[in-house]
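# pasted the sequence and its predicted model underneath.
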Amino acid sequence: MTQTTILDQCKRYLEAISAETIAQLELEKTPSNSTTIDKKISDQKNYLEKSTKALDRGYCFGFSLCDGAMELTGKLNWWENALVEFYHWDGKKNSLDEEVLIPDSIQNKKITRRELFKRIINYIISTFADEKTFEEFLPKSISQLNILQPDAHVLIKNNQEIKQSYFEIIDDQGQIQTIKKENKIAGNFTNADLDSILSEQTISGTVCLILSIDHAMRLSYANNLWTLYDPEYSHKETKTMRFTGTKKEVIAEIFACLHTHSMAIQVAAFNEDKKMEFPTYDKLMKESPEKLLEVHGLHIIAWDTSKAIFKLVELAKDNTIQGNKIRSAIAKSLLIRDSQNPLHKKKR
């Protein structure tokens, strides 16, 4: 009932589309073009095998980023109901061309399941941001580490260099939105740390991703409510897709879902004037950085916020009590060898 169910439906959709394509090619085959057609059929089968195999992994980063972007662009209700429709699809080719009405559709128009499912797959794959998985659809050099950076994607328009985010989406007004501002912190956090770090002012109006080495979720604050979206929640109904509670309850749920206290928190906004500072984190980094390095804190900092590593190395050089603590914490972290260590990293 989790993201796996949606990904299994993606496979069934691709299999159905591939079968149609192969059947059409067979109809077009003649003695004079059989070699060419057989090559196209072989390529289609190879592409299907590659695509379905790629969908065997988790795509929680893509699901989480989509969820946040859909809310900021006024499309979250549409997105949730589209996923529910995909979840309940019977897997039959004949039903792909049936029209359905998804709540909050543009101009309240119906859409075929074929087109709807195609859009869902495109959203998930493009926001997963792994150029090696579906390289034919994604720009080179895109990654989960840079997709939300405001200036990571360099374009040439009218002989001028333009920098923008890799991520872009059309809002409910038909305007293309790109990320204008982004911030990310990482480390090992206690419940009290997160309670102080996560402020309503910083999280509201952003795409806020909660990231461990091998998982991703989305945190939001709106209308006086804290909400957590985890792709591992059931997508059978819209009401089962997210957890809502007080900030302390949501923080406890974050730790329960991630199975770790070592994480990165990334916020991004379409508004360049959005304030998204983390003063409590800055204070922790200044006064007790060794605590952020505990357990897998060093690993997640190195993976997601590599710039902070240079600062920590400089602090570790100091022949002070704090410098000694940092060196000791780094040494302990480097001895850890398990799935949360980037040396053994899984895909989010």
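Perfect, I can see it now. The shown structure was predicted, so the numbers you read here are calculated from the model rather than taken from an experiment.

# mind listing what's buried along stretch 275-287?
276, 278, 280-281, 284-285 (16 or more other CB atoms under 10 Å). The C-beta positions use only the backbone N, C-alpha and C, and glycine is treated the same way.

# all strands of the stretch 151-300 of the chain, in order?
Using DSSP state E, counting those that start in this stretch, the strands of the stretch 151-300 of the chain run over 153-157, 160-164, 168-170, 176-178, 181-188, 207-211, 216-222, 225-229, 242-245, 262-269.

# for the first one, C-alpha coordinates in CSV please.
Output in CSV follows, covering the C-alpha atoms of strand 153-157 (Å, rounded to 0.1, in the frame of the first residue of the first chain):
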residue,chain,number,x,y,z
HIS,A,153,21.2,24.5,-14.1
VAL,A,154,23.1,26.6,-16.6
LEU,A,155,21.1,27.4,-19.8
ILE,A,156,22.0,29.5,-22.9
LYS,A,157,19.2,31.7,-24.1
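
# among the strands of the stretch 151-300 of the chain, which comes closest to N324?
Closest approach to N324 among these (CB to CB): strand 181-188, 18.6 Å.

# now do that closest one against strand 262-269, angle only.
On the basis of axes from the mean of the first three to the mean of the last three CA atoms, to 10 degrees, strand 181-188 is oriented at 170 degrees to strand 262-269.

# what's next to strand 181-188, contact-wise?
148-150, 165, 197, 261-269, 271-274, 276-278, 281, 284, 291-297, 300-301, 303-305, 308 (CB atoms under 8 Å, 6 or more residues apart in numbering).

# how about stretch 111-128?
6, 9-10, 13-14, 17, 59, 61-63, 65-66, 69, 82-83, 85-86, 89, 95-102, 105, 133-134, 137-138, 144, 147, 167.

# how about that stretch: buried residues?
So for stretch 111-128, counting by 16+ other CB under 10 Å, buried means 111, 113-114, 116-117, 120-121, 123-128.

# where does this protein have low pLDDT?
For the chain, residues meeting the criterion pLDDT under 70 lie at 1, 131, 336-348.

# domain-wise, how is it divided?
The record's domain parsing of the chain by automatic domain parsing lists 3-128, 181-344.

# JSON lines for those domains, including distance to D172?
Output for the domains of the chain, formatted as JSON lines (distance: least, CB to CB, whole Å):
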{"stretch": "domain 3-128", "distance to D172": "4"}
{"stretch": "domain 181-344", "distance to D172": "13"}
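
# about what we covered before: just the buried residues of stretch 111-128 now: which is nearest E26?
Relative to E26, and with distances defined as CB to CB, the nearest of the buried residues of stretch 111-128 is R114, at 20.5 Å.

# D151 contacts K163, correct?
Yes: using CB atoms under 8 Å, D151 is in contact with K163, at 4.0 Å.

# what's the longest helix in the chain?
The single longest helix within the chain, with elements called by DSSP state H, is helix 3-28.

# for it, packing partners?
With contacts taken as 3 or more CB pairs under 8 Å, 6 or more residues apart in numbering; DSSP states H and E, helix 3-28 sits against helix 34-54, helix 60-72, helix 76-87, helix 113-128.

# check the offset of the first one from the chain's centre.
To tie it back to what came earlier, the one meant is helix 34-54. 29 Å (CA atoms, centre = their mean, to the nearest Å).

# start at 653, not 1
Sounds good: first residue 653 from here, last item helix 686-706.

# buried set for that helix?
689, 693, 696, 700, 703-704, 706.

# quick revisit: need the helices and strands packed on helix 655-680 in CSV with distance to N876, can you?
Shown next, in CSV, are those (distance: least, CB to CB, whole Å):
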stretch, distance to N876
helix 686-706, 40
helix 712-724, 15
helix 728-739, 17
helix 765-780, 28
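
# which one of these lies nearest to K900?
Nearest to K900, of the helices and strands packed on helix 655-680 and by CB to CB, is helix 712-724 at 21.7 Å.

# so that closest one versus strand 877-881, what angle?
Using the same axes, to 10 degrees: helix 712-724 against strand 877-881 is 140 degrees.

# tell me what angle helix 712-724 forms with helix 765-780.
110 degrees.

# which residues touch helix 712-724?
655, 658, 728, 730-731, 775-781, 796, 799-800, 819, 821, 823, 829, 857-861, 863, 867-870, 872, 874, 881-884, 921-922, 1000.

# buried subset of these as a ChimeraX selection?
Filtering the contacts of helix 712-724 down to the buried ones (16+ other CB under 10 Å) takes a single ChimeraX command:
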select :655,658,728,730,731,775,776,777,778,779,780,781,796,799,800,819,821,829,857,858,859,860,861,863,867,868,869,870,872,881,882,883,921,922,1000
